[in-house]
Structure formats: structure tokens, C-alpha cells
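Novice: just coords:
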């Protein structure tokens with residue numbers, strides 16, 4: 001009996017033969033289309049397993065056929081896009097197949113599919129989101145996105161970003177707001193009838209691990225970031241909301257821009273605190289010490305439901321406390337009150353630990369002047385080893 005690997009190879013060669021034959025010679029369109037659908041669906045079934053994924057990505061000729069098939073129409077194109085989504089999800093491990101997939105994905109064409117809101121723009125956003133999860137793929141995706149600017153006639157007016165890096169990701173933010181904000185007046189365009197693109201949140205969350213993306217979104221006095229802030233409390237789609245929370249957490253890593261992030265113009269601090277606040281009752285004096293948006297919250301007020309979202313929000317606040325100025329600003333907002341109530345409510349152990357550490361920063365003694373920026377303090381090698389060992393446990 002043939003082994004599973006031999007059967008997979010035979011299946012792959014059969015499917016490839018059918019697709020190539022149909023590409024080369026088309027006699028009966030109806031029969032050809034049906035055979036092509038069966039062939040691509042066979043590849044789709046293979047791509048759903050780790051063995052099939054490895055098999056497909058090791059054959060550049062199959063990837064080339066898929067790249068052409070996705071440019072078609074109907075079920076063949078849809079199945080080809082689904083295969084690419086599966087293959088791109090496998091590159092998150094950073095394995096040897098990543099280069100093969102990236103080589104034949106034609107990222108510029110995928111970006112165009114997304115930017116033009118074509119039929120498979122949701123599949124394109126999934127592919128880009130998957131590919132950008134690891135460092136190597138993120139760099140490739142970011143280059144492709146930043147080399148494509150503007151949404152043409154569908155670009156929302158207002159909030160123009162100054163010329164610079166920010167303009168290169170402006171169209172991504174434009175598209176995210178256009179596709180996922182049903183009450184936006186810019187949705188008068190026919191493009192508003194197309195499905196939302198919630199994975200753009202995850203895409204931005206992945207991209208902002210790269211310093212170039214951080215700088216791009218903070219260019220132009222943070223106007224792009226300002227447009228993303230409402231999504232911190234966006235209840236219509238959790239994946240979109242969590243992606244934006246992750247992105248803003250990553251932006252807080254850019255400590256040189258903390259003065260901008262904590263400015264009155266962006267008003268980021270209350271936006272980070274609001275999802276962490278519950279229907280807690282405070283004295284009138286305590287309420288008056290809170291930012292206006294957090295005063296006298298209604299009894300039905302709920303906290304961020306996802307533990308990972310709460311952790312990211314707490315980590316963002318912790319990052320903003322890296323400098324003496326940041327710690328003072330966070331303290332002055334009566335943040336401790338919100339954290340105290342959150343800590344007593346929190347059931348997720350990891351989120352609780354992050355909350356405890358942040359509280360200690362706020363109520364503890366200030367570090368010595370030579371440690372003003374905690375993000376730039378060198379960590380001794382023995383402490384680094386201990387932290388790495390703790391993280392692995």
C-alpha cells in the first residue's frame with residue numbers, strides 16, 4: 001500500500017495536471033469550469049491539514065497555478081483565495097515555506113484586491129493579516145502596503161494627514177473606517193454595501209510591531225491614531241476592537257512619542273481607561289478627580305469582555321508610565337481608582353498580575369533620576385536569564 005505522503009503527491013500531481021490542461025486548452029467552458037472547480041477544491045482540502053500545507057508549499061509550480069487561479073471568477077477563484085488564506089496561516093511559524101509563499105503570493109496584487117474592495121477583499125485582508133504575524137512576513141506586508149497610497153474616489157474627506165510616512169498607511173485607516181463604521185457619513189459611496197473588513201484591526205495590530213508602522217501611524221500629530229480611538233470601545237465586532245487595542249498598545253512602545261500620546265489633543269488616557277471601568281460607585285470627590293468620560297458611569301456599564309483585551313489595555317497604560325512625566329499624568333487622572341476596582345473584579349490571572357504591577361508603579365516610590373525612562377534602563381544579563389526562564393514556565 002502507498003504511504004500517505006505518496007498518496008498526497010499523486011493527488012497533487014493529478015490536480016496540477018488538470019489545472020494546467022485547462023489553462024492551456026479550453027474546448028467546453030462548462031465542462032472545463034466543473035473540472036477546474038473539482039481540482040481546486042481538492043487542493044483546498046489538502047491545504048486544511050499540516051501535511052497538505054507542507055506538501056503544497058514545497059511545490060512552487062502549484063503555488064504559481066494558485067496565484068493565477070485566484071485572478072479568475074466564481075467558485076474557482078473563491079477556492080483559490082481560501083487556499084491562500086490557509087497557506088498564509090501556516091507561515092506564522094516562520095518555517096522554511098514562508099519564503100516560497102511570499103515569493104508567489106504577489107503581495108501587490110493582494111493589496112490591490114483589498115484597496116479596491118473587490119469581491120475577495122475580505123480574503124485579501126485575511127491573507128495579509130496572517131502573513132504579518134511573524135517578523136519576516138510583517139516586513140514584506142508593510143512594504144507592500146506603504147507603497148500603495150490612496151483609495152481614489154472612495155477616500156473619506158477630512159482628517160488629512162501631513163505629507164510623510166503617515167500618508168502611506170492613511171489608505172488602510174481610511175478603508176478600516178469606511179468598511180467598519182456603519183454610521184459614518186462617508187458611507188454614501190456604493191462601496192458601503194460590501195461586507196466589513198474586521199481583520200484590518202488584526203492587520204494593524206500585527207504591523208505595529210514594526211517601528212516603521214508605529215512612526216507612520218503617529219505621523220501628522222497622531223491624526224491617524226485619533227481616527228482609530230473610537231474602536232477601543234467598538235462593540236459590534238470583537239476581532240476588530242481587539243486588533244485596534246493591540247495596535248495602540250504597540251504604539252505605546254514608542255516612548256519618544258509619549259508626550260503626543262498623553263496630549264489633550266489625542267485624549268488617549270481616558271480612552272484606555274474607559275473599557276477597564278465598571279459600574280463602580282465613587283464619592284463625589286473621587287468622581288471629580290477622574291477624567292470627564294469616566295465620571296458617574298451608569299449601572300449597566302461593562303468592562304472589556306476579553307481578557308487579552310484587558311491585558312493589552314493595562315500594558316499600554318504601563319508603557320505610558322515609563323517616564324516620570326507619564327507616571328505623573330496617569331496618577332493625576334485618578335487612575336488608581338479604576339485599577340483598584342478592576343483588580344477586585346478581575347478573574348483572569350495574567351490580567352490581574354499586570355494590574356498589580358501597574359498599581360505598584362503608581363503608588364510606589366519614584367525611581368532614581370538616572371532611571372527616569374524605565375524602557376531604556378539596561379537589564380543585567382542574570383536578570384534577563386531569570387525573566388526568560390520565568391516566561392517559558
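Specialist: Structure's in. What do you need? What you see is a predicted model, and the numbers here were worked out from it, not measured in a lab.

Novice: Now residue 314. Nearest residue, chain neighbours left out?
Specialist: Counting by CB to CB, 6 or more residues apart in numbering, residue 354 is the residue found nearest to residue 314 once chain neighbours are left out, at 4.3 Å. Every residue, glycine included, has its C-beta placed from N, CA and C.

Novice: Surely the one you found is in contact with residue 319?
Specialist: No: judged on CB atoms under 8 Å, residue 354 makes no contact with residue 319 at a distance of 11.1 Å.

Novice: And what about residue 337, helix, strand or coil?
Specialist: helix (DSSP: H, G, I helix; E, B strand; the rest coil).

Novice: Can you name the residues that contact it?
Specialist: 280, 282, 286, 289-290 (CB atoms under 8 Å, 6 or more residues apart in numbering).

Novice: my guess is residue 295 meets residue 288, correct?
Specialist: Yes: the pair residue 295 / residue 288 is scored as a contact, 7.2 Å apart, by CB under 8 Å.

Novice: Domain parsing of the chain, as residue ranges.
Specialist: Domains of the chain are assigned by automatic domain parsing as 1-90, 106-150+165-180+196-238, 252-378.

Novice: what's the most buried one of those domains?
Specialist: domain 106-150+165-180+196-238 (a mean of 21; mean count of other CB atoms under 10 Å).

Novice: roughly how far is the one helix or strand residue 62 maps to from the heart of the chain?
Specialist: Element membership of residue 62, judged by DSSP states H and E, is helix 60-69. Computed by CA atoms, centre = their mean, to the nearest Å, the chain-centroid distance of helix 60-69 equals 27 Å.

Novice: Contacts for that helix next, please.
Specialist: Residues contacting helix 60-69 (CB under 8 Å, 6+ apart): 12, 16, 19-20, 23, 36, 40, 43, 56-57, 76-77, 79-80, 83-84, 87, 100-101, 103-106.

Novice: In helices only, show me those residues.
Specialist: Cross-referencing these against helices under DSSP state H gives 12, 16, 19-20, 23, 36, 40, 43, 56-57, 76-77, 79-80, 83-84, 87, 100-101, 103-105.

Novice: Give me the contacts around stretch 101-110.
Specialist: Residues contacting stretch 101-110 (CB under 8 Å, 6+ apart): 57, 60, 63-64, 66-67, 71, 84, 87-88, 90-91, 124, 127-128, 131, 136-137, 140-141, 143-144, 147-148.

Novice: Repeat the analysis, applying 6 Å as the threshold.
Specialist: With contacts defined as CB atoms under 6 Å, 6 or more residues apart in numbering, stretch 101-110 is touched by 57, 63-64, 67, 87, 91, 124, 127, 140, 144.

Novice: Including distance to residue 174 and pLDDT, could the residues you listed go into CSV?
Specialist: CSV is the format used below for the contacts of stretch 101-110 (distance: CB to CB, whole Å; pLDDT from 0 to 100):
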residue, distance to residue 174, pLDDT
57, 33, 80
63, 31, 79
64, 33, 81
67, 27, 82
87, 28, 89
91, 27, 58
124, 16, 94
127, 20, 94
140, 22, 91
144, 17, 91
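
Novice: From those, pick the one nearest residue 172.
Specialist: Comparing the contacts of stretch 101-110 against residue 172 with CB to CB places residue 144 closest, at 11.1 Å.

Novice: which SS state does residue 330 fall under?
Specialist: Assignment for residue 330 (three-state DSSP): helix.

Novice: And it, how far from residue 272?
Specialist: To residue 272, residue 330 is 9 Å away according to CB to CB, to the nearest Å.

Novice: contacting residues around residue 125?
Specialist: By CB under 6 Å, 6+ apart, the neighbours of residue 125 are 114, 197, 199-200.

Novice: among those, which two are most distant?
Specialist: 114 and 199, at 9.9 Å, using CB to CB across the contacts of residue 125.

Novice: circling back: what's the least confident stretch among the domains of the chain?
Specialist: When those are compared by mean pLDDT, domain 1-90 comes last with a mean of 77.

Novice: What separation is there between the most centrally placed residue in the chain and residue 129?
Specialist: What sits nearest the mean C-alpha location of the chain, by CA atoms, centre = their mean, is residue 202, with 2.1 Å. Going from residue 202 to residue 129 by CB to CB gives 5 Å.
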